[in-house]
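In: Turn this into a structure:
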Amino acid sequence: MLYQLPCFCHCDRALGHTSLHSCFEGLHGAECSTCAKEGYYAYKMSLKGKTVKQIRDGVMRKDFESIDLNAIGM
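Out: Residues are numbered from 1 along each chain as shown. Modelled structure (predicted):
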């Protein structure tokens, strides 16, 4: 699923990433709050039975921005 999601931290410019999956191929996804929020959002939405398109639409709307990583222990 992560291959099909964009990343909004702009690591594509700096690191050459092509999708949210690229962010988690190394340490970047664990160190970047934007990537971590997007990844957690995708995970939670998949547990709710959302399709990849529905999740991508939510990412594009930046629904992940309201996630508090501290509240979920990240």
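In: Quick check on Ala71: phi, psi?
Out: Backbone torsions for Ala71, taken as degrees, to the nearest 10, come to phi -70, psi -20.
In: Please tell me the pLDDT value assigned to it.
Out: Note on Ala71: pLDDT of 91.
In: Next, find the distance separating it from His17.
Out: Per C-beta to C-beta, to the nearest Å, Ala71 is found 27 Å from His17. Every C-beta, even on glycine, is put in place using the N, C-alpha and C of the backbone.
In: ok, and the helix or strand in the chain with the lowest average confidence?
Out: For the chain, using mean pLDDT, DSSP states H and E, the weakest element among its helices and strands is helix 11-15, scoring a mean of 66.
In: what does whichever helix or strand comes after that helix contact?
Out: Next in sequence after helix 11-15, counting helices and strands by DSSP states H and E, comes helix 20-23. Contact with helix 20-23 is made by 2-3, 5-7, 9, 11-12, 15-17, 29, 32, 35, 38-39, 42, 59, as judged by C-beta atoms under 8 Å, 6 or more residues apart in numbering.
In: I'd like to know how many residues surround the residue nearest to Glu38 when sequence neighbours are not counted.
Out: Distances taken as C-beta to C-beta, 6 or more residues apart in numbering place Phe64 nearest to Glu38, at 4.9 Å, with adjacent residues excluded. Neighbours of Phe64 under the rule other C-beta atoms under 10 Å: 22.
In: cool, and Leu20?
Out: By other C-beta under 10 Å, neighbour count at Leu20 equals 26.
In: any idea of the pLDDT on it?
Out: Value for Leu20, per-residue pLDDT: 88.
In: cool, Gln54 as well?
Out: The model's pLDDT for Gln54 equals 98.
In: How about Ser66?
Out: pLDDT, Ser66: 93.
In: what about the helices in the chain?
Out: Residue ranges of the helices in the chain, as given by DSSP state H, are 11-15, 20-23, 28-31, 33-47, 52-60.
In: Out of those helices, which one sits most buried?
Out: helix 20-23 (a mean of 22; mean count of other C-beta atoms under 10 Å).
In: What residues does the spatially most central residue of the chain make contact with?
Out: Residue closest to the average C-alpha location in the chain (C-alpha atoms, centre = their mean): Glu38, at 2.2 Å. Taking C-beta under 8 Å, 6+ apart as the criterion, Glu38 is in contact with 5, 7-8, 20, 23, 59, 64.
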